[in-house]
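J.: Let me see the structure of the following:
(2 chains)
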Amino acid sequence: MSNARDIKIDPGDEEPPAAVQDAGASDRLQGLGVSPGIAIGPVYLYARAAFTVEHRELAPDEIEDEVDRFEWAVQSAEHGLEKILALAREKLGDESVQIFEAQSMMLRDEALYQEVVHRIRNKRCNADYAVMKVMTQHRQRMEASASEYLRDRAHDLQDVQERLIMHLRRGKHFSQIDPATIVVSENLTAADLLIFSKRGILGCALDRGGATSHVSIMARALGIPSVVSLHGITDVVQPDDLLIVDGIDGNVIINPDEETLAAYRTRQERYRRLLQEHKQLAPLPAETLDHVRVHLRANVEFLEELNVLKDYGSEGIGLMRTEVLLLMKGEEMKLEEEKQFESYKLVVQTVTPEPATFRLLDLGGDKMLPVAHREHNPFLGWRGARVLLDRPEMLVPQVRAILRASAFGPARILIPMVTNIEELRRFREIIEQVKDDLTKEGHASAADVPLGIMVEVPAVALMTDLFAKEVDFFSLGTNDLTQYTLAVDRGNDLVAGLYREIHPAVLRLIKRTIDAGEKHGIPVSLCGEMGGDPRVAPILVGLGIHELSASPSYLPEVKRVIRAINRSEAVELATRALLAKDAEEVSILLDHWLGDHGCKLDQFL
Amino acid sequence: MIKREVMVTNQAGVHTRPASMIVRTAAKFKADFWIQKDGYEINGKSIIGVMTLAAEQGATLTLLFNGADEEDAADAMEQLFAGGFGEVK
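T.: Here you go, the predicted model:
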């Protein structure tokens, strides 16, 4: 994927200062820049796996909170074990299943649970320490056994202890983080990062993660410069090392020398200016030189992102993902209609009079299902529309909540992962039924809430001429469309190089969809990652797209390109791209075209 | 209150899996259930308790039951031990 790094702020800018290029290789790590910006600050090393347990005496008013924290950890550990159990049932033998079942029983065992609570209350010690003490006692008894085999079973107790302590820490560790630091960790969840951001961290560097990991999306939403996929940074940095995180180039520099530091401070300043420019671009329309208007909308995943939509000039929401919103609080799905309604109402009120497009829960595939459910081939399995039609108890409250929110501003409903037209018809029936129910109950909702489908399965893209007669809009999900069309799992390093959104086969399916929409007078939007790639914007405009949706921070650069090109020339480019033999040929075509049309997209700085 | 003596017959002794079987069986009955071994007594409905017995093959355990269905509970438990938890003897 492409991001802000491909764009030059100001074509006349000078060459990068030498130091930026020459910083010693030993202290520089290359990763994947997932949230642009430069952060410079001391390391806060956040290690989840460290198990040194410290003793802390509780103040009297802390005791019950500590008991609650323990209960929370037990629940969270139970939930974790359920998932492991489901996997074990499928992939491992009976023996490991029974061990995990036994571990699960231990969590609520009075010899653990009651004793820990007793210790917290009577000895006023922190839960981590109480767990460690109680479990150590039990273990010592077992370790005294004459049978070596039975002595070894103490490991099962040790496992439970570590599991519990791990879950206890997830609920608490944040309180100690220092503001104005850079968090370095093996991995983080989006929820972790959100909490860190409230403590005022400057940047984030992770061993793992990818461009579309939830933590990366969250980092972009919060504007925290971040580099992921650094493989081993947690092994080489020390707490309080000075770190530079370059979220544009995907670099991290450990303990930079004075010269490098000065160079990056300059770079940081220039990036700040770029953001300024973006602000100025925000109120201007995304319109080509020959006056073809494109609507740039936002892909949104977290309510926290709503604050930044205006800064990036997004016109409403082209894709409101709802999975994380409903999964964020703890691990349980929060499906209550009222809570969903409150969230959706806030979304609609924030973007009105522009539309908010709500994609119904898209579970399965790589997105965790609430019931631990493993399949051999999840991307070809029970996901999206297929799950929802089987689980009306998940679908109905969401539809009710969206329809009720539509009373506060324009809302659209988007169905994920549709393959057959019959699925669409069943959704329409259910939605009509819900509408009737709401009216009878006296709830307000908009008279017209457009219903659209994701075009992400090639079968649908090929049939859009028929689907167009029965839907109100299309939304091209090019990430999945590319995976399914090219038979490439982009998360698989062995074949990820074959994943090319600009492959002519994908472009042809996009073209087909746009044409079908045009013929039947329904809007077609594109909400995959390529929608946020300024480099491919000319092709998309040339194919006839009028609506792009992307992570908000990508929109200004896309707009800059659109404002610099002529639609008529873009059509020529698109026509040639459709006839290209492969992705490489499209890429070369594109490079030449961009050069010839004065939108030289160079390295930033 | 009734009392039974049982012997651990399976080769591996009362490790994690048998312990979970004992606790699961005990949970089916209302009767309270304790196990004594060498003067050490644990609650037979606690898996961690049962595990800490570290009862190896040949060990003799005293089972104590107290409650309305104590007879049934004792019979079920005796059977479980006699069967060696379905493991190699």
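J.: for the stretch 201-350 of chain A, what spans make up the strands?
T.: Ranges of strands in the stretch 201-350 of chain A, per DSSP state E, counting those that start in this stretch, are A:203-206, A:226-228, A:242-246, A:251-254, A:295-300, A:317-320.
J.: now the longest one: mean pLDDT?
T.: Meaning strand A:295-300. Averaged across strand A:295-300, pLDDT comes to 96.
J.: Check which helices and strands that strand is in contact with.
T.: strand A:317-320, strand A:547-550, helix A:555-562 (3 or more CB pairs under 8 Å, 6 or more residues apart in numbering or on different chains; DSSP states H and E). Backbone N, C-alpha and C define where each C-beta goes, glycine included.
J.: and stretch A:576-592, how far from the chain's centre?
T.: 30 Å (CA atoms, centre = their mean, to the nearest Å).
J.: Give me the distance between the two termini of it.
T.: One end of stretch A:576-592 sits 12 Å from the other (CA to CA, to the nearest Å).
J.: Show me what counts as buried in it.
T.: Buried residues in stretch A:576-592, counted by 16 or more other CB atoms under 10 Å in any protein chain shown: A:Arg576, A:Ala577, A:Leu578, A:Ala580, A:Ala583, A:Glu585, A:Val586, A:Ser587, A:Leu589, A:Leu590.
J.: Redo these as JSON lines? Include pLDDT and secondary structure.
T.: As requested, the buried residues of stretch A:576-592 are exported to JSON lines (pLDDT from 0 to 100; DSSP: H, G, I helix; E, B strand; the rest coil):
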{"residue": "A:Arg576", "pLDDT": "97", "secondary structure": "helix"}
{"residue": "A:Ala577", "pLDDT": "97", "secondary structure": "helix"}
{"residue": "A:Leu578", "pLDDT": "98", "secondary structure": "helix"}
{"residue": "A:Ala580", "pLDDT": "97", "secondary structure": "coil"}
{"residue": "A:Ala583", "pLDDT": "96", "secondary structure": "helix"}
{"residue": "A:Glu585", "pLDDT": "97", "secondary structure": "helix"}
{"residue": "A:Val586", "pLDDT": "97", "secondary structure": "helix"}
{"residue": "A:Ser587", "pLDDT": "95", "secondary structure": "helix"}
{"residue": "A:Leu589", "pLDDT": "96", "secondary structure": "helix"}
{"residue": "A:Leu590", "pLDDT": "94", "secondary structure": "helix"}
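J.: Just want the most central residue of chain B.
T.: Nearest residue to the geometric centre of chain B (CA atoms, centre = their mean): B:Ile22, 5.4 Å.
J.: Adding mean neighbour count, write the strands of the stretch 201-350 of chain A out as a markdown table.
T.: Listed next are those as a markdown table, based on neighbours: other CB atoms under 10 Å in any protein chain shown:
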| stretch | mean neighbour count |
| --- | --- |
| strand A:203-206 | 28 |
| strand A:226-228 | 30 |
| strand A:242-246 | 26 |
| strand A:251-254 | 22 |
| strand A:295-300 | 27 |
| strand A:317-320 | 28 |
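J.: before we move on, back to that, got TSV for the helices and strands packed on strand A:295-300, with mean pLDDT too?
T.: Formatted as TSV, the helices and strands packed on strand A:295-300 follow (pLDDT from 0 to 100):
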stretch	mean pLDDT
strand A:317-320	97
strand A:547-550	96
helix A:555-562	92
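J.: My guess is A:His214 contacts A:Thr189. True?
T.: Yes - under the criterion of CB atoms under 8 Å, A:His214 makes contact with A:Thr189 at 7.0 Å.
J.: The two - which one has more neighbours?
T.: A:His214 (21 against 15; other CB atoms under 10 Å in any protein chain shown).
J.: how near is the closest residue to the more buried one other than its chain neighbours to A:Pro523?
T.: Leaving out its chain neighbours, the residue that sits closest to A:His214 by CB to CB, 6 or more residues apart in numbering or on different chains is A:Ala190, at 4.0 Å. Separation of A:Ala190 from A:Pro523 (CB to CB, to the nearest Å): 30 Å.
J.: The two: who's more crowded?
T.: A:Ala190 (22 against 18).
J.: Tell me, what's the model's pLDDT at that one?
T.: So, for A:Ala190, pLDDT stands at 71.
J.: Looks like it contacts A:Arg321 (just checking).
T.: No - in this structure, A:Ala190 is not within contact of A:Arg321 by CB under 8 Å, at 11.6 Å.
J.: near chain A, which residues of chain B show up?
T.: Residues of chain B found near chain A, taking CB under 8 Å from any CB of the partner chain as the criterion, are B:12-17, B:19-20, B:23, B:42-43, B:45-49, B:51-52, B:54-57.
J.: Domain map for chain A?
T.: In terms of domains, chain A is parsed into A:1-14+A:477-605, A:17-47+A:186-262, A:60-172 (source: automatic domain parsing).
J.: Which helix or which strand is home to A:Ile565?
T.: A:Ile565 is part of no helix or strand when elements are defined by DSSP states H and E.
J.: right, and it touches A:Val541 too?
T.: Yes - between A:Ile565 and A:Val541 there is a contact at 6.8 Å, judged by CB under 8 Å.
J.: overlap in contacts of the two?
T.: Common neighbours of A:Ile565 and A:Val541, counting by CB atoms under 8 Å, 6 or more residues apart in numbering or on different chains, are A:Thr288.
J.: more neighbours, these two?
T.: Shown here are A:Ile565 and A:Val541; by other CB under 10 Å, A:Val541 has more neighbours (26 against 23).
J.: quick one, phi/psi of the more buried one?
T.: phi -60, psi -40 (degrees, to the nearest 10).
J.: what's near enough to touch it?
T.: By CB under 8 Å, 6+ apart, the contact list for A:Val541 reads A:Thr288, A:Val292, A:Val294, A:Ile562, A:Ile565, A:Arg567, A:Ala570, A:Ala574.
J.: Would you mind measuring from it to A:Leu289?
T.: 11 Å.
J.: Which neighbours do those two have in common?
T.: Common neighbours of A:Val541 and A:Leu289 (CB under 8 Å, 6+ apart) are A:Ile565.
J.: Tell me the backbone dihedrals of the residue in chain B that chain A sits nearest to, please.
T.: Residue of chain B nearest chain A, by CB to the nearest CB: B:Ala54 (3.3 Å). B:Ala54 adopts backbone torsions of phi 50, psi 50, taken as degrees, to the nearest 10.
J.: Please apply the same query to B:Thr62.
T.: Dihedral angles (degrees, to the nearest 10) for B:Thr62: phi -100, psi 120.
J.: OK, contacts around the spatially closest residue to A:Pro285 that is not a sequence neighbour?
T.: Nearest non-adjacent residue to A:Pro285, counting by CB to CB, 6+ apart: A:Arg293, 6.3 Å away. Taking CB under 8 Å, 6+ apart as the criterion, A:Arg293 is in contact with A:Pro285, A:Ala286, A:Glu287, A:His546.
J.: And the strands in chain B?
T.: B:2-7, B:32-37, B:40-43, B:60-66 (DSSP state E).
J.: And the contacts of the strand or helix carrying A:Asp436?
T.: A:Asp436 belongs to helix A:421-441 when assigned by DSSP H and E. Contact partners of helix A:421-441, identified using CB under 8 Å, 6+ apart, comprise A:385-386, A:388-389, A:392, A:395-396, A:399-400, A:403-404, A:413, A:415, A:418, A:445, A:449, A:451, A:453, A:463, A:466-467, A:470-471.
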